[in-house]
Each structure stands twice: as C-alpha cells, then as structure tokens.
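Trainee: Fold the following and give me the result.
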Amino acid sequence: RQWLTGDVLDGQLDYWRDRLDGVPTLELPTDRPRPAQRSSAGAVFDFQIPAEVVDGLRALSRDAGVSMFMTVFAAFNVLLSRYSGQDDIVVGTPI
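Mentor: Numbering: from 1, shown residues only. This is a model prediction of the structure:
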C-alpha cells in the first residue's frame, strides 16, 4: 500500500485510464432499464457446485497450467459474451 501512492498511483491510474478509454459498455439483457445512477445494491444467491464438477475444473486448470480462479474467470467471461452478444468483454478484479 505504501508503494501505490503519489506519483506511482497517478502513473498507474493514467495507464489504465488510457488502456480502458473507449472500451464498450457491457450490455446485458435485463428485465428493466439500467438506472441512471449506478448502485451496489443487490442480492445473494447461495448454491453449491457438485464435487465432481470441482474436480473436473481442478484437473482442467492443472492441465492448462493455470489457477482455478483463471479457469472460472474465463468461463464467466464466456458466459457474459454469450448473454451480451459482445466479443470484447472487459471485467476487472481487485488486486
């Protein structure tokens, strides 16, 4: 946290603002129009993934030499692409 302050933070923000300038907004089909002001209000849906599916995902990740996060994140991006019909999907994750 001490490193990412001042000029370093400004440089990182400038870099990502430049890289993300003009990327398309993800347009997902919804049951109502998008509100004018974004909100983080939402709901939680609990579910369990069967053990054999998790084992398969672990094996796929291991065979591809990637983390489980990367495998599931890639699947999430494919899902977003299918729902939106867009080929360019930009999703951020915290670091």
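
Trainee: mind checking which helix or strand Arg82 is in?
Mentor: helix 68-84 (DSSP states H and E).

Trainee: Please disregard the earlier target; I meant Arg58.
Mentor: With DSSP H and E as criterion, Arg58 is part of helix 51-64.

Trainee: Return the set of buried residues in that helix.
Mentor: For helix 51-64, the neighbour count (16 or more other C-beta atoms under 10 Å) marks Ser61 as buried. C-beta coordinates here come from the backbone N, C-alpha and C atoms, glycine included.

Trainee: again with stretch 69-86
Mentor: Buried residues in stretch 69-86 (16+ other C-beta under 10 Å): Thr71, Ser84.

Trainee: ok, back up a step: ok, residues contacting the helix holding Arg82?
Mentor: By C-beta atoms under 8 Å, 6 or more residues apart in numbering, the residues outside helix 68-84 that reach it are 26-29, 57-58, 60-61, 64, 86-87, 89, 91, 93.

Trainee: Need the max-distance pair from the residues you listed.
Mentor: Spatially, the most separated pair among the contacts of helix 68-84 is Glu27 and Arg58, at 33.3 Å (C-beta to C-beta).

Trainee: hey, which helix or strand in this protein has the poorest pLDDT?
Mentor: Of the helices and strands making up the chain, the lowest-confidence element is helix 6-20, at a mean of 93, by mean pLDDT, DSSP states H and E.
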